[in-house]
Structures are given as structure tokens and as C-alpha cells.
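Chemist: my questions concern the predicted model and sequence given below.
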Amino acid sequence: MSRLDILKQRRNALKDEIVADLDSFLIGTVNRSPAMRHYGLTTKVEGKTVSLYVRHGMVERALDMATRYKRLWLAIQKLSKLNFEILKLECE
């Protein structure tokens with residue numbers, strides 16, 4: 001099996017990983033304010049940082065969804081590097 005084939009297999013595995021996390025993610029950080037008892041989702045809206053209120057019953061799921069985004073972002077970074085390696089091999 002050639003290096004190109006191995007890289008394409010890795011790319012396909014990463015694509016599957018990315019697709020698995022696309023249905024349920026939140027961009028931002030879920031945290032608890034030290035001065036208050038509630039949780040918030042800190043994210044960017046139209047270029048400005050905002051904190052959105054996260055109800056108590058939503059905290060666990062919101063934390064999981066924010067973690068999915070972190071995994072998704074890392075997987076996309078890895079996919080980009082793999083795509084560059086494949087591009088270099090295909091253009092030799």
C-alpha cells in the first residue's frame with residue numbers, strides 16, 4: 001500500500017469523525033460565573049463576545065456540545081494537514 005493510499009484512508013476516517021460531530025455542537029465555552037450561581041455560554045455574536053444564559057437543566061448537554069466543537073475543530077485541523085500532504089504527493 002502506498003503512502004498516498006494510507007493518507008487517503010486516514011482522511012476518510014477523519015471525515016467520518018467530523019460528520020459524527022456535526023449534528024450537535026456549540027461554538028463557545030460553557031462556564032460558571034464565580035460571582036453568580038448560573039452558567040453561561042461565552043461565544044462571539046457578530047464579532048462581539050457575549051455570554052448566553054444556560055439554564056440549569058441544559059448545563060450537562062451544553063458542556064458536551066461545547067466539547068464536541070473542540071474535537072471537531074481539532075479534527076478539521078488534522079484534515080487540513082492531511083489534505084496538504086496528499087496534495088504534495090499527487091502533484092509530484
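Modeler: Now that the structure is in, tell me what you want to look at. It should be emphasised that the depicted structure is a prediction, and the values quoted were computed from it without experimental measurement.
Chemist: this protein: strands as residue ranges?
Modeler: In the chain, the strands defined using DSSP state E lie at 29-32, 39-45, 48-54.
Chemist: list the helices and strands the top helix by length along the chain packs on?
Modeler: Looking across the chain with DSSP state H, the single longest helix is helix 59-90. If contacts are counted by 3 or more Cβ pairs under 8 Å, 6 or more residues apart in numbering; DSSP states H and E, helix 59-90 sits against helix 3-21, strand 29-32, strand 39-45. For glycine as for every other residue, the C-beta is placed from the backbone atoms N, C-alpha and C.
Chemist: can you tell me which of these comes nearest to Leu87?
Modeler: helix 3-21 (10.1 Å; Cβ to Cβ).
Chemist: for burial, what's the neighbour tally of Arg68?
Modeler: For Arg68, the count of nearby residues is 17 (other Cβ atoms under 10 Å).
Chemist: contacts only, for the nearest residue to it once chain neighbours are set aside.
Modeler: Excluding its sequence neighbours, the residue lying closest to Arg68 (Cβ to Cβ, 6 or more residues apart in numbering) is Phe25, at 4.2 Å. Contact partners of Phe25, counting by Cβ atoms under 8 Å, 6 or more residues apart in numbering, are Met65, Ala66, Arg68, Tyr69, Leu72.
Chemist: for these, which one is nearest Ala13?
Modeler: Out of these, the member with the shortest distance to Ala13 (by Cβ to Cβ) is Leu72, at 14.5 Å.
Chemist: so who does the closest one touch?
Modeler: Contacts of Leu72 (Cβ under 8 Å, 6+ apart): Ile18, Asp21, Leu22, Phe25.
Chemist: picking up where we left off before, can you redo the strands of the chain as JSON lines with mean neighbour count?
Modeler: Listed next are the strands of the chain as JSON lines, based on neighbours: other Cβ atoms under 10 Å:
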{"stretch": "strand 29-32", "mean neighbour count": "16"}
{"stretch": "strand 39-45", "mean neighbour count": "15"}
{"stretch": "strand 48-54", "mean neighbour count": "12"}
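Chemist: quick one: residues contacting Arg10.
Modeler: Shown in contact with Arg10 (Cβ under 8 Å, 6+ apart): Leu82.
Chemist: no further questions, thank you.
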